[in-house]
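[1] Structure for this input, please:
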Amino acid sequence: MILASTSSAGATWPSWVLLVATVLVSGLLIAGPALRRRYPVAWWLLLGFPAVAFRVTYTWRALMAGCGLAVSRRPALTVVSGLVGNGAPPPQPRVPRRGVIRPTVGGFWLLVRLLPGQVPEDFVKAGPAMAEDWQVHAVRVTSWKPGTVRIAASVADPLAAPRVPKQRGPGHLLRVAVGALETGAAWVVDLRRVPHWLIVGATRSGKSTLINALVAGLAPQPVALVGIDCKGGMELSLYEPRLSALATNREQAVKLLVALVDLTLDRMTVCRAARVRNIWGLPEKERPVPVVVIVDEIAELFLVASRNEKDEAQAAGTALIRLAQLGAALGVFLVVAGQRVGSDLGPGVTALRAQLGGRVCHRVADPGTAEMALGDLNPDALKAAQAITPEQAGTAVLASGDGWERARSHLVTEADAEAIAAEYAHLTPVLPELLAAAK
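    Numbering: from 1, shown residues only. Predicted structure coming up:
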């Protein structure tokens with residue numbers, strides 16, 4: 001009886017498993033659309049990822065062969081077997097070995113070991129074919145280590161509607177979440193890590209929206225914001241209640257920049273007397289307030305029409321370069337923006353560009369501006385920036401010494417920026433030397 005009972009139980013147990021599995025799968029399929037709308041991450045991990053992982057596994061060998069990434073094990077034997085026609089199947093080609101497929105919030109990634117003679121660029125070229133075969137939004141291939149590449153796929157476009165949590169309180173000093181990366185992670189501008197930035201973009205490309213998001217994140221923090229807007233203050237005057245100083249023409253800008261250089265030199269003296277290498281080594285009560293300088297439309301500082309303007313432009317460029325060289329250690333940070341930035345504006349622009357380690361390139365009207373922003377850092381980033389269309393407002397390519405990413409800034413309107421500046425106006429540090437220079 002015991003054996004029969006065990007045998008009977010053994011016969012019925014798989015039926016229970018099958019029934020439970022059927023009910024679970026049916027429930028997930030029925031609830032799938034609602035689950036995807038309300039809990040997209042849960043839907044992806046429970047339903048979407050297993051289906052895509054199966055598709056990748058099933059198509060891997062054929063895809064590698066179709067993209068020219070498979071290598072014949074014994075080419076001569078393959079040819080002979082085809083000529084003789086003895087019915088023996090030719091040896092299977094050798095395909096690159098892939099690692100475990102790992103899910104992310106909005107996609108997946110895996111490592112692939114290259115075959116002898118292959119380079120990462122071979123897989124970069126196959127990226128569009130992978131995306132088409134796996135039915136995902138995009139595939140990006142990057143070098144992981146010698147002989148290995150990392151393939152990352154995004155199922156949907158994470159830049160279609162980037163959602164950045166509203167900042168509550170001051171947050172981390174000089175660190176602002178301004179949008180979303182193509183990977184689905186938050187796009188964070190950290191001035192402590194990358195102190196100086198160049199932002200370029202044509203009209204209605206999203207450049208002003210990015211600056212709005214940056215100012216909105218810095219406004220609640222204990223920092224001084226300084227504006228230089230040589231278009232009469234049309235852009236940066238929105239933030240005037242939160243600005244410690246604002247220059248609206250080149251003459252004021254030169255005086256303000258010179259005052260900022262003097263401020264950094266004073267801070268240098270304080271650090272030297274305290275035997276520290278930067279202001280962050282000073283006691284918190286003695287540490288001077290960080291200053292973020294926002295320069296809008298950099299071309300207006302460098303364009304000249306007379307000898308007098310040439311001297312002003314040279315003085316402005318020299319002061320900006322000195323701030324970029326000295327500022328990171330002394331608590332002065334630069335955010336330089338413009339519609340057009342090219343070497344034709346003078347050697348000062350090229351020298352300044354070399355000091356701006358963070359680069360953001362939206363859609364631009366001329367290739368020279370994209371080249372100035374990204375060309376010296378990464379050719380692939382340059383190609384990605386030149387592919388941005390007018391319909392992709394807010395989308396940008398950001399690059400630094402660490403690599404590059406596609407990103408999109410969070411929508412912060414002019415009205416939002418103006419309201420935030422007014423809300424935190426009481427936090428505006430008073431810097432008399434800068435106020436006097438901007439008048």
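[2] I figured R98 hits L111, correct?
    Yes - R98 is in contact with L111 according to C-beta atoms under 8 Å; the separation is 7.1 Å. (Glycine included, C-beta is placed from N, CA and C.)
[3] quick one: contacts for S205?
    By C-beta atoms under 8 Å, 6 or more residues apart in numbering, the contact list for S205 reads H362, R363, V364, I388, A393, G394, A396.
[4] I'd like to know how far it sits from A42.
    Counting by C-beta to C-beta, to the nearest Å, the gap from S205 to A42 is 35 Å.
[5] Likewise for V119?
    Taken as C-beta to C-beta, the span from V119 to A42 is 39 Å.
[6] Name the spans of the stretch 201-350 of the chain whose pLDDT lies under the cut-off.
    The model of the stretch 201-350 of the chain has no residue with pLDDT under 70.
[7] change it to 80
    Residue ranges of the stretch 201-350 of the chain with pLDDT under 80: 304-309, 342-348.
[8] Walking through it, point out its strands one by one.
    Assigned by DSSP state E, counting those that start in this stretch, the stretch 201-350 of the chain shows strands spanning 224-229, 243-247, 291-296, 332-338.
[9] Quick one: residues in contact with the longest one.
    Where contact means C-beta under 8 Å, 6+ apart, the residues beyond strand 332-338 that reach it are 174, 191, 195-201, 207, 211, 214, 260, 263-264, 290-299, 320, 323-324, 326-327, 352, 356, 369.
[10] and that strand, which strands flank it?
    Using DSSP bridges, the strands paired with strand 332-338 are strand 196-200 (parallel), strand 291-296 (parallel).
[11] export the ones you listed to JSON lines and tack on distance to A126 and mean neighbour count?
    Listed next are these as JSON lines, based on distance: least, C-beta to C-beta, whole Å; neighbours: other C-beta atoms under 10 Å:
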{"stretch": "strand 196-200", "distance to A126": "31", "mean neighbour count": "26"}
{"stretch": "strand 291-296", "distance to A126": "41", "mean neighbour count": "24"}
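[12] V105 is nearest to which of those?
    Proximity to V105 (C-beta to C-beta) singles out strand 196-200 among the strands paired with strand 332-338, at 26.3 Å.
[13] give me the number of residues near the nearest residue to L431 once chain neighbours are set aside?
    Nearest residue to L431 in three dimensions, chain neighbours excluded: S244, at 4.9 Å (C-beta to C-beta, 6 or more residues apart in numbering). Neighbourhood size, S244 [other C-beta atoms under 10 Å]: 20.
[14] cool, the one 4 residues further on as well?
    Taking other C-beta under 10 Å as the neighbour definition, T248 ends up with a count of 19.
[15] do the same with D376
    With other C-beta under 10 Å as criterion, D376 counts 14.
[16] Pretty sure it sits in a strand.
    No - for D376, which was evaluated using DSSP: H, G, I helix; E, B strand; the rest coil, the result is coil, with no strand membership.
[17] Okay, domains of this protein per the record?
    What automatic domain parsing lists as the domains of the chain is 31-71+94-156, 175-437.
[18] Of the ones you listed, flag the one that's most buried.
    domain 175-437 (a mean of 19; mean count of other C-beta atoms under 10 Å).
[19] mind listing what the residue nearest to L431 touches?
    A224, L225, V226, V291, T428, P429, V430, L431, L434, L435.
[20] switch the cut-off to 7 Å
    Each residue near S244 by C-beta atoms under 7 Å, 6 or more residues apart in numbering is listed here: A224, L225, V226, T428, P429, L431, L434.
[21] and the second one, what is it in contact with?
    Contacts were defined as C-beta under 7 Å, 6+ apart; by that measure L225 touches V215, L218, Y239, R242, L243, S244, V292, I294.
[22] Just flag the most distant two among those residues.
    So, the contacts of L225 by C-beta to C-beta: farthest apart are V215 and S244, at 12.8 Å.
[23] Can you show me the helices along the stretch 151-300 of the chain?
    207-218, 250-274, 299-302 (DSSP state H, counting those that start in this stretch).
[24] okay if I get these as JSON lines plus distance to S409?
    What follows is the helices of the stretch 151-300 of the chain, written out as JSON lines (distance: least, C-beta to C-beta, whole Å):
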{"stretch": "helix 207-218", "distance to S409": "4"}
{"stretch": "helix 250-274", "distance to S409": "25"}
{"stretch": "helix 299-302", "distance to S409": "22"}
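[25] For W134, which of those helices is the nearest?
    helix 207-218 (31.7 Å).
[26] Dump the C-alpha coordinates for the closest one into CSV.
    Output of helix 207-218 as CSV, limited to C-alpha atoms (Å, rounded to 0.1, in the frame of the first residue of the first chain):
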residue,chain,number,x,y,z
LYS,A,207,19.7,73.5,-23.9
SER,A,208,17.7,76.1,-22.0
THR,A,209,15.6,73.3,-20.4
LEU,A,210,18.7,71.6,-19.2
ILE,A,211,20.0,74.8,-17.6
ASN,A,212,16.5,75.3,-16.0
ALA,A,213,16.8,71.8,-14.5
LEU,A,214,20.3,72.5,-13.3
VAL,A,215,19.4,75.8,-11.6
ALA,A,216,16.2,74.3,-10.1
GLY,A,217,18.4,71.6,-8.4
LEU,A,218,21.1,74.0,-7.2
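[27] That helix - contacts with which helices or strands?
    Helices and strands touching helix 207-218, by 3 or more C-beta pairs under 7 Å, 6 or more residues apart in numbering; DSSP states H and E, are strand 175-181, strand 332-338, strand 403-409, helix 414-423.
[28] so what strands line up beside the first one?
    The reference is to strand 175-181. strand 186-190 (antiparallel), strand 403-409 (antiparallel).
[29] Now the phi/psi pair for C361, please.
    Phi and psi for C361, reported as degrees, to the nearest 10, are phi -120, psi 110.
[30] what ranges of the stretch 1-150 of the chain fall below the confidence cut-off?
    In the stretch 1-150 of the chain (pLDDT under 80), the answer is 1-43, 72-92, 105-106.
[31] Give the full set of residues in contact with S343.
    Taking C-beta under 7 Å, 6+ apart as the test, what S343 contacts is V349, T350, M372.
[32] Quick check: the gap between it and V261.
    Taking C-beta to C-beta, one finds S343 at 24 Å from V261.
[33] K255 is in contact with K439, isn't it?
    No - taking contacts as C-beta atoms under 7 Å, K255 lies outside contact range of K439: 8.5 Å.
[34] excluding its backbone neighbours, what's nearest R192?
    Nearest residue to R192, sequence neighbours excluded (C-beta to C-beta, 6+ apart): L174, at 5.1 Å.
[35] cool, and T395?
    Per C-beta to C-beta, 6+ apart, closest to T395 is R408, 4.8 Å.
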